[in-house]
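Chemist: I would like the atomic coordinates for the input below:
(one chain, ligands or ions: 2)
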Amino acid sequence: MNVIKIGGNVLDNPAQLEQFLTDFASIQGPKVLVHGGGKIASELSKQLGIEPNMVNGRRITDADTLRVVTMVYGGLLNKNLVAQLQARGCNSLGLTGADANVIPAHKRPVTDIDYGFVGDVESPEQVNVTFLASLAEQGLTPVFAALTHDGQGSLLNTNADTIASTLAVALSRQFEVNLIYLFEKKGVLLDVEDDTSVIHHLQPQYYAELKKQGAIFSGMLPKLDNAFAALQQGVKAVIIGDAAEIKGIATGEKAGTRITL
Ligand SMILES: Nc1ncnc2c1ncn2[C@@H]1O[C@H](COP(=O)(O)OP(=O)(O)O)[C@@H](O)[C@H]1O
Ligand SMILES: CC(=O)N[C@@H](CCC(=O)OP(=O)(O)O)C(=O)O
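Modeler: Ligands and ions are numbered 1, 2, ... in the order given. Below you'll find the predicted structure:
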């Protein structure tokens with residue numbers, strides 16, 4: 001089973017997105033797509049006069065921002081991705097974590113920062129794997145938006161990388177799972193400006209060094225933290241790579257960055 005997460009910069013580039021969806025549709029076997037969309041949510045927010053506010057890679061989500069991300073992730077992006085996959089013969093089903101109670105979560109507790117309506121997933125054990133397995137059996141591909149729910153009637157904005165790793169860990173109870181993070185670069189780079197500097201293998205000690213040197217920063221930090229956590233909890237392989245190379249990555253021919261323990 002491949003759990004594939006696609007980042008916001010690719011979603012915002014129609015040509016790259018179309019190619020990615022064509023390649024994704026052609027991947028054999030059970031698969032799950034998780035999408036972000038932070039960039040598009042920020043653009044719409046600004047158009048509506050709501051200034052985006054990101055802290056530690058997470059969006060401060062007040063009530064108005066929750067409306068925006070619900071519309072953008074759960075509506076605009078999720079439903080268009082499903083329509084575009086249907087056009088490519090990939091029978092898919094758009095979901096949030098609230099649907100079929102797949103991903104129970106709670107509102108992130110207020111500490112020195114109040115993130116507002118941001119969700120932390122309960123635990124992979126609580127993911128509704130039975131439902132996901134039944135979709136796989138029917139040949140349906142779930143497409144997840146970056147939304148969960150609190151069990152009390154509210155949706156919660158939830159980092160898409162975390163949703164992907166949670167689903168990958170949960171599905172590892174029943175399947176051999178590859179977790180694949182795709183974005184607009186060739187992989188984790190030694191020099192973020194140089195696409196030829198791909199790090200082919202990354203393990204915790206090297207990660208700690210590169211973090212200290214400042215070679216790995218911002219959105220890549222939570223992505224890698226999620227990647228190592230997924231491996232520790234039974235996911236077979238984690239790869240970070242270029243959305244344009246999804247076919248090779250899924251068949252194991254081209255690797256991007258392979259994360260190992
Ligand atoms: N060493 C690195 N290699 C590649 N990207 C890096 C690195 N360090 C930081 N980054 C940044 O991390 C970003 C990817 O994280 P994020 O913005 O969360 O992506 P996504 O679109 O997948 O959610 C890249 O666009 C890049 O700016
Ligand atoms: C709480 C939180 O920060 N949620 C993210 C969810 C979207 C996301 O993760 O999008 P990318 O993968 O495109 O960055 C956000 O609103 O930006």
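Chemist: is residue 246 in a helix, a strand, or coil?
Modeler: What DSSP: H, G, I helix; E, B strand; the rest coil gives for residue 246 is helix.
Chemist: just give the closest residue to it, not the sequence neighbours.
Modeler: Distances taken as Cβ to Cβ, 6 or more residues apart in numbering place residue 23 nearest to residue 246, at 4.8 Å, with adjacent residues excluded. No exception for glycine: its C-beta is placed from N, CA and C like everyone else's.
Chemist: wasn't the one you found part of a strand?
Modeler: No - read with three-state DSSP, residue 23 is helix and lies in no strand.
Chemist: how much space separates it from ligand 2?
Modeler: Residue 23 is 19 Å from ligand 2, where distance means Cβ to the nearest ligand atom, to the nearest Å.
Chemist: against residue 243, how distant is that residue?
Modeler: Residue 23 sits 8 Å away from residue 243, going by Cβ to Cβ, to the nearest Å.
Chemist: for the stretch 151-261 of the chain, which residues score under the pLDDT cut-off?
Modeler: Applying pLDDT under 70 to the stretch 151-261 of the chain flags no residue at all.
Chemist: what about the strands in it?
Modeler: 155-157, 178-183, 201-202, 237-242, 257-259 (DSSP state E, counting those that start in this stretch).
Chemist: contacts for the third one next, please.
Modeler: By Cβ atoms under 8 Å, 6 or more residues apart in numbering, the surrounding residues in contact with strand 201-202 are 188, 210, 224, 257, 258, 259, 260.
Chemist: what of the fourth one?
Modeler: For strand 237-242, the external contacting residues (Cβ under 8 Å, 6+ apart) are 168, 178-188, 223-224, 227, 230-231, 249, 254-259.
Chemist: name the residues of the stretch 51-200 of the chain found near ligand 2, please.
Modeler: Proximity of the stretch 51-200 of the chain to ligand 2, by Cβ under 6 Å from any ligand atom, involves residues 58, 59, 69, 118, 146, 157, 158, 159, 160.
Chemist: of the residues you listed, keep whichever come out buried.
Modeler: Buried subset of those (neighbour count, 16 or more other Cβ atoms under 10 Å): 58, 59, 69, 118, 146, 157, 158, 159, 160.
Chemist: list the beta-bridge partners for the closest residue in space to the second one that isn't next to it in sequence.
Modeler: Spelled out, that is residue 59. Ranked by Cβ to Cβ, 6+ apart and with sequence neighbours excluded, the top spatial neighbour of residue 59 is residue 157, at 6.1 Å. When bridges are called by DSSP bridges, residue 157 pairs up with residue 118, residue 147.
Chemist: ok, back up a step: how about the residues of the stretch 51-200 of the chain next to ligand 2 in JSON lines, adding distance to ligand 1?
Modeler: Output for these, formatted as JSON lines (distance: Cβ to the nearest ligand atom, whole Å):
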{"residue": "58", "distance to ligand 1": "10"}
{"residue": "59", "distance to ligand 1": "11"}
{"residue": "69", "distance to ligand 1": "14"}
{"residue": "118", "distance to ligand 1": "15"}
{"residue": "146", "distance to ligand 1": "9"}
{"residue": "157", "distance to ligand 1": "14"}
{"residue": "158", "distance to ligand 1": "13"}
{"residue": "159", "distance to ligand 1": "8"}
{"residue": "160", "distance to ligand 1": "6"}
